[in-house]
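1. build me a model:
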Amino acid sequence: MELNPDLYTVAWIAPLEIEAKAALFMLDNRHQGLFTWSPGHDYLFHAGDIVGHNVIIATLPAGQECTTSSAAALASQIKIIFLNIRFGLLVGVASGIPNLSKTPPCDIRLGDVLVALPDGESAGIVAYQLGKETKYGFQLLHGGHMLPRTETIIRSAIGKIKIEAPDDADMFLPFYRSMQDKSHENGIFLDPGQDRDKLYAIYEDGVERAVNRKQRPDSERTRVWYGPLGSGDNLMENGEKRNELRNKYNIIGLETGAAGTMNQIPVGVIRGVCDYGDERKNKEWQPYASAMAAAYAKAVLYEILPRRGITHPIFTSRSDSGISV
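-> Numbering: from 1, shown residues only. Okay, here's the model as predicted:
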């Protein structure tokens, strides 16, 4: 069965396989069928719908790393193939950057959700590797504001969720619970447990020590943090460098892909925290973090109800006379 790309209005970009798997479980319905392939099209897409929106889920080919350029190439082809995309979401995992010295503390934990939003002089997405070296040091291009801003309707939906803080997690946790026991290649999407969440800090004497943090009550297990995210090509595995970027650009997390995507499609960027950007980085928390980010993204779409009374055929086949249902 052939799917008609003209009928899809939302692009959900999930570059990593585990991110795309979580996204698929967030669809209200999966659309069985294929989009016609043409020479020059390098990517294939999943399709479905969420609260009446026809959604394509875009991911990178197996084995390809997510970088600024690979994300830009994927987003560029989405624009070419799906002419009626109205807005997009970039959803997946990121490194969280706690700052316990702030008042109140920015106590980001594994499994929390980071949502990219501007904060004061900091852009929502800070492309911290795009700039130039001068005699005064490295200068970020246009102070990080060279990227398009997220579509207004997405920022409005995020604002509608954010205003419910500190209870904003209640708006998306039901979506997570509906898929937490679903399977992926290496297990399910359950929380690994707060006892496995270890943060290490570098103290003034240069020694790294584990931070003693009290476990959150179950009712407050998940928090959403809103602020600037740093976007670059290199995975961060250095606590000192991570802290330098945090202090310099006022960022709450680090990710790859957003800088490239935003130059093609001004997406809303939603990330689940899977590590702290230090040498202890591993993939244990990626499934849970992917699922939490996907649940928040679904909540965003639930705030944007499509117009009623308009028929949006899902499955189509092409004939000489045009498109038929």
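2. any idea which helix is longest in the protein?
-> The single longest helix within the chain, with elements called by DSSP state H, is helix 286-302.
3. counting by contacts, list what it packs against.
-> Applying 3 or more C-beta pairs under 8 Å, 6 or more residues apart in numbering; DSSP states H and E, one finds that helix 286-302 contacts helix 17-26, strand 45-50, strand 87-96, strand 113-116, helix 152-162, helix 173-177, strand 268-275. Any C-beta I mention is one placed from the backbone N, CA and C, and that applies to glycine too.
4. and the angle from the third one to helix 152-162?
-> Same thing as strand 87-96. 50 degrees (axes from the mean of the first three to the mean of the last three C-alpha atoms, to 10 degrees).
5. just the mean pLDDT for strand 87-96, thanks.
-> Averaging pLDDT along strand 87-96 yields 96.
6. can you check the second one too?
-> For strand 45-50, the mean pLDDT works out to 97.
7. which strands or helices does it pack on?
-> By 3+ C-beta pairs under 8 Å, 6+ apart, strand 45-50 packs against helix 17-26, strand 29-30, strand 53-58, helix 286-302.
8. now tabulate the ones you listed in a markdown table and tack on mean neighbour count.
-> Conversion of those to a markdown table gives the following (neighbours: other C-beta atoms under 10 Å):
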| stretch | mean neighbour count |
| --- | --- |
| helix 17-26 | 24 |
| strand 29-30 | 12 |
| strand 53-58 | 24 |
| helix 286-302 | 27 |
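9. would a markdown table of those with distance to residue 252 and mean pLDDT be doable?
-> Putting the helices and strands packed on strand 45-50 into a markdown table (distance: least, C-beta to C-beta, whole Å; pLDDT from 0 to 100) gives the following:
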| stretch | distance to residue 252 | mean pLDDT |
| --- | --- | --- |
| helix 17-26 | 19 | 97 |
| strand 29-30 | 33 | 96 |
| strand 53-58 | 25 | 97 |
| helix 286-302 | 14 | 98 |
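10. so where is this protein shaky, pLDDT-wise?
-> Applying pLDDT under 70 to the chain flags residues 121-122, 129-148, 308-325.
11. show me the contacts for the most centrally placed residue in it.
-> Nearest to the geometric centre of the chain sits residue 91, at 2.4 Å (C-alpha atoms, centre = their mean). By C-beta atoms under 8 Å, 6 or more residues apart in numbering, the residues touching residue 91 are 12-14, 19, 22-23, 270-271, 293-294, 297.
12. list just the nearest of those residues to residue 47.
-> Of all the contacts of residue 91, residue 47 sits closest to residue 12, with 10.2 Å by C-beta to C-beta.
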